[in-house]
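# Using only what follows, build the 3D model:
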Amino acid sequence: MRELVLAEITHSHDSSGACPKYTIHFDYIPWTNLNYPVFYPNLLGLDFAAGRPRARTKLLQNVQVQSNASTSCASGSRTERTYRINYVADSLTGQPRLNKVDWFGTGDAAQNPQTASPVVAYQYGNPLNSGELRYSAAENLSLPPGPQNSIAGFSTSLGSQGIYGRVRDFQDMNGDGRADFFSLSADGSHPTLSVNRPSSLGNDFSTLAASVDLPNSPAAV
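Numbering: from 1, shown residues only. You can find the predicted model right below:
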């Protein structure tokens, strides 16, 4: 399988088009932390172009910005800046994740981390607990009581005359994108509505407000 990577970008050439004033050079490394049980141990993924597979085994490590002092390129190029990209293995998949980006100044060989200036750094959480994925309930929603043997369903609508459909249901009744809960009262005499609000855990979690009584209609009987 062929792997295509971008090697360099040149721009601001001389009048002949042969000597670029600036060159951006890209260096790559293989990612060796994966342990697939296949013949291609460094395989990060596959792309398909025109029905043919193309392997991805390399990660961008260095971006070098170079310039030529002369318009003829006779004096050779000089490295103005080098960006070093570092990765860490994801604790769950082993795939590489961006860890940090540093840059090195003019003429720096980018070999000594002490001469680097930080650009950005990232930290990631670990979903594993003793080497396993474990889940626990973040919250427990208590539903208001309803009539004995009431029917649950998802076919409810709100009309000008009241609520139509089954008698215990989750539906977004106020248009805020959260599924509110409604039911008949415990004695079956009238509909009730509990509005879904963000809980103390944040906007991605829910809590049901105290039930409010809704006007009765024949559809709620």
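# from here on, contacts and neighbour counts on C-alpha atoms
Noted.
# domains of the protein?
By the assignment in automatic domain parsing, the chain contains the domains 8-125, 157-220.
# Which one of the ones you listed has the poorest average confidence?
Of all the domains of the chain, domain 157-220 carries the lowest average pLDDT, namely a mean of 75.
# for Gly105, what are its contacts?
The contact partners of Gly105, taken as CA atoms under 8 Å, 6 or more residues apart in numbering, are Glu80, Arg81, Thr82, Ala116.
# Turn those into TSV, including neighbour count.
Converted to TSV, the contacts of Gly105 look like this (neighbours: other CA atoms under 10 Å):
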residue	neighbour count
Glu80	16
Arg81	20
Thr82	24
Ala116	18
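# now the domains of the chain in CSV, with distance to Arg2?
As requested, the domains of the chain are exported to CSV (distance: least, CA to CA, whole Å):
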stretch, distance to Arg2
domain 8-125, 5
domain 157-220, 43
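# Nearest to Arg134 among those would be which one?
The closest of these to Arg134 is domain 8-125. By CA to CA, the value is 12.5 Å.
# roughly how far is that closest one from the heart of the chain?
22 Å (CA atoms, centre = their mean, to the nearest Å).
# how long is it from one end to the other?
Terminal residues of domain 8-125 lie 35 Å apart, using CA to CA, to the nearest Å.
# In the chain, which strand is the longest?
strand 77-89 (DSSP state E).
# C-terminal to that one, what's the next element?
strand 96-104 (DSSP states H and E).
# buried set for that next one?
Neighbour counts using 16 or more other CA atoms under 10 Å place Pro96, Leu98, Lys100, Val101, Asp102, Trp103, Phe104 of strand 96-104 among the buried residues.
# Distance to Asp90 added to those residues, as JSON lines?
Shown next, in JSON lines, are these (distance: CA to CA, whole Å):
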{"residue": "Pro96", "distance to Asp90": "6"}
{"residue": "Leu98", "distance to Asp90": "10"}
{"residue": "Lys100", "distance to Asp90": "14"}
{"residue": "Val101", "distance to Asp90": "17"}
{"residue": "Asp102", "distance to Asp90": "20"}
{"residue": "Trp103", "distance to Asp90": "24"}
{"residue": "Phe104", "distance to Asp90": "27"}
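# Parallel or antiparallel, which strands does the helix or strand containing Val119 pair with?
Using DSSP H and E, Val119 maps to strand 117-121. Strand pairing for strand 117-121, determined by DSSP bridges: strand 96-104 (antiparallel).
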